[in-house]
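[1] Okay, sequence plus prediction incoming.
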Amino acid sequence: MDDKNLQIETLAIHGGQQHDPSTGAVMPPIYQTSTYVQEYPGKHKGYEYSRSGNPTRTALENAIASIEGGTHGAAFGSGLAAIDCMLKFLSPGDEVIACNDLYGGTYRLFTKMFSNYGIQFKFVDMSNDQWHSAVSESTKMLWMETPTNPMLNVLDIEAASKVAKAHGLILVVDNTFATPYLQRPLDLGADVVMHSGTKYLGGHSDVVLGLLATKDEAIAEKMYFIQNASGAVLGPMDSFLALRGIKTLHVRMDRHCENGEAVAHYLEAHPAVGNVYWPGLKDHNGHEVAKRQMKKFGGMVSFTIKGAGFEKTAEVVSALRVFTLAESLGGVESLAGHPASMTHASIPKEEREKVGVTDNLIRLSVGIENVQDLLADLEQALAK
């Protein structure tokens, strides 16, 4: 099947896939094996050892490459393991310029781990073009999230790709919030796209994984070497679950976006709510860029409670009943989080608050339930 002529909805189901040649199974089997027979030393059927390669994982890697418009994919045991792989492209003295509104786990990996090995990190506001001047001779990589976690800032991928190409930098885009259904960074000039596949791609809060995709042969070769050498690979059962999730990505994302829009407009009109962050709002600072590079505006919404501190905000999120107070996002069920004390607790308070992650900020992952039930739940919680 020629993936190039297929639309994203079809690719989500068929992209990079083939029926099992030995049985005709429609879904890739779970190859629960650690090793593979060799007819003669070095003569095998493409697989030697499941750290190096596993047929179920290969099916997932082909799928992420296909739906992201790439040629190569790699699957890891978590999103952070995928980020870890990309940072191992660097050497002591190299610099990474990253957006200053990052997932807390990414920030922690940058500043508490790789900074110990001589990698430098510079965090800048990438929501305007002033950050271009931050590039120096030691800069080797640009790291972007868009929309960002949790402030939903929208960053211009195409503009960043021009900077990357002009200076010979690797541009990596974390596409977790948007997914390839809403946005394809490789088509906009990114070199590598990264996902916490735990979120929307898996879609059912039952698996932890990370994914990378690229169409650069040299990057792919190094990516696979690091994947095999470091060994943080995804197992066959988790690969199977992720493949199953991807097949319904487009129908789930349509409902996430539809419900997210309703929740954002409801919160915008609520007297107890201060700021609402959702790229679909016309007064959002990245609305025009989002219209240009995203198909829809996503199901993530963040907002603040007027005049509230930690205690009052904690009472609101704890009072929710349909929204579940929990880490993570992107599952079919609606989740609510308090970034300052949960997902972004590893970032120092002073740094968090500079980008808006205050004690009165709530982040919602709007699920695919009946939207009236979601609005009623927000109403009763905010009434308290």
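    Okay, I see it. It should be emphasised that the depicted structure is a prediction, and the values quoted were computed from it without experimental measurement.
[2] Skip the chain neighbours and tell me the closest residue to C99.
    M126 (4.3 Å; C-beta to C-beta, 6 or more residues apart in numbering). Every residue, glycine included, has its C-beta placed from N, CA and C.
[3] So that neighbour is in contact with M144, correct?
    Yes - between M126 and M144 there is a contact under C-beta atoms under 8 Å: 6.3 Å.
[4] Find residues that contact each of these two.
    Taking C-beta atoms under 8 Å, 6 or more residues apart in numbering as the contact rule, M126 and M144 both touch C99, L155, A160.
[5] Output the below-cut-off pLDDT ranges for the stretch 1-150 of the chain.
    Counting by pLDDT under 70, the stretch 1-150 of the chain has low-confidence residues at 1-2.
[6] which stretches of it form strands?
    Per DSSP state E, counting those that start in this stretch, the stretch 1-150 of the chain carries strands over the ranges 72-76, 95-99, 120-124, 139-145.
[7] For S22, see how far away the residue lying farthest from the centre of the chain is.
    Most distant from the centre of the chain: Y40, at 42.1 Å, with distances by C-alpha atoms, centre = their mean. Here the criterion is C-beta to C-beta, to the nearest Å. By it, Y40 lies 21 Å from S22.
[8] same check, this time on S52
    Per C-beta to C-beta, S52 is found 21 Å from S22.
[9] Likewise for A160?
    45 Å.
[10] So for stretch 240-255, mean pLDDT?
    Averaging pLDDT along stretch 240-255 yields 98.
[11] still on that earlier bit, from S115, how far off is the residue nearest to C99?
    20 Å.
[12] between the two, who's got more neighbours?
    M126 (27 against 13; other C-beta atoms under 10 Å).
[13] Looking at A160 and S22, which is more packed in?
    Taking neighbours as other C-beta under 10 Å, A160 and S22 compare with A160 leading, 27 against 7.
[14] Hmm, that one is touching V172, no?
    No - with contacts counted by C-beta under 8 Å, A160 stays clear of V172, the gap being 10.2 Å.
[15] Residues that sit against both of the two, list them.
    In contact with both A160 and V172: L142, M144, A190, using C-beta under 8 Å, 6+ apart.
[16] who's in contact with the last one?
    When contacts are counted by C-beta under 8 Å, 6+ apart, A190 is found next to M144, I157, A160, S161, L171, V172, V173.
[17] what about 6 Å?
    Residues in contact with A190, defined by C-beta atoms under 6 Å, 6 or more residues apart in numbering, are I157, L171, V173.
[18] which residue sits closest to L209, ignoring its sequence neighbours?
    Closest residue to L209 apart from its sequence neighbours, by C-beta to C-beta, 6+ apart: G197 at 4.2 Å.
[19] How about V154?
    Nearest non-adjacent residue to V154, counting by C-beta to C-beta, 6+ apart: G286, 2.8 Å away.
[20] List the contacts of the one you found.
    Listed by C-beta under 6 Å, 6+ apart, the contact partners of G286 are N153, V154, P279.
[21] mind running it again at 7 Å?
    Applying C-beta atoms under 7 Å, 6 or more residues apart in numbering to G286 gives the contacts S127, N153, V154, P279.
[22] got a pLDDT number for it?
    Looking at G286, its pLDDT reads 96.
[23] same thing with the one 5 residues further on?
    Per-residue confidence at K291 stands at 97 (pLDDT).
[24] Start the count at 31 instead of 1 going forward.
    I'll keep to 31 as the first residue from here, and by that count the last item is K321.
[25] quick one: what helix or strand has it in it?
    Element membership for K321, per DSSP states H and E: helix 317-323.
[26] List the buried residues in that helix.
    Applying a neighbour-count criterion of 16 or more other C-beta atoms under 10 Å, one finds H317, V319, A320, Q323 buried in helix 317-323.
[27] Just checking: what are the partner strands of whichever helix or strand comes after that helix?
    The helix or strand immediately downstream of helix 317-323 is strand 330-335, counting by DSSP H and E. Counting by DSSP bridges, the strands paired with strand 330-335 are strand 303-307 (antiparallel), strand 391-395 (antiparallel).
[28] what about the most centrally placed residue in the chain, distance to S395?
    The residue lying closest to the centre of the chain (C-alpha atoms, centre = their mean) is T206, at 1.7 Å. As for T206, its distance to S395 is 11 Å (criterion: C-beta to C-beta).
[29] what about V56, how many residues close to it?
    By other C-beta under 10 Å, 8 other residues sit near V56.
[30] where does the stretch 281-414 of the chain have low pLDDT?
    By pLDDT under 70, the stretch 281-414 of the chain has no low-scoring segment.
[31] Domain boundaries for the chain, per the record?
    Annotated domains of the chain cover 33-276, 280-413 [automatic domain parsing].
[32] Relative to the whole chain's centre, how far out is the first one?
    Translated: domain 33-276. 9 Å (C-alpha atoms, centre = their mean, to the nearest Å).
[33] Now do it: distance from first to last residue.
    16 Å (C-alpha to C-alpha, to the nearest Å).
[34] do stretch 302-310 as well
    Stretch 302-310 has its terminal residues 21 Å apart, counting by C-alpha to C-alpha.
[35] Repeat that for stretch 210-222.
    13 Å.
[36] For it, what does the pLDDT average out to?
    Averaging pLDDT along stretch 210-222 yields 98.
[37] Okay then, goodbye and thanks.
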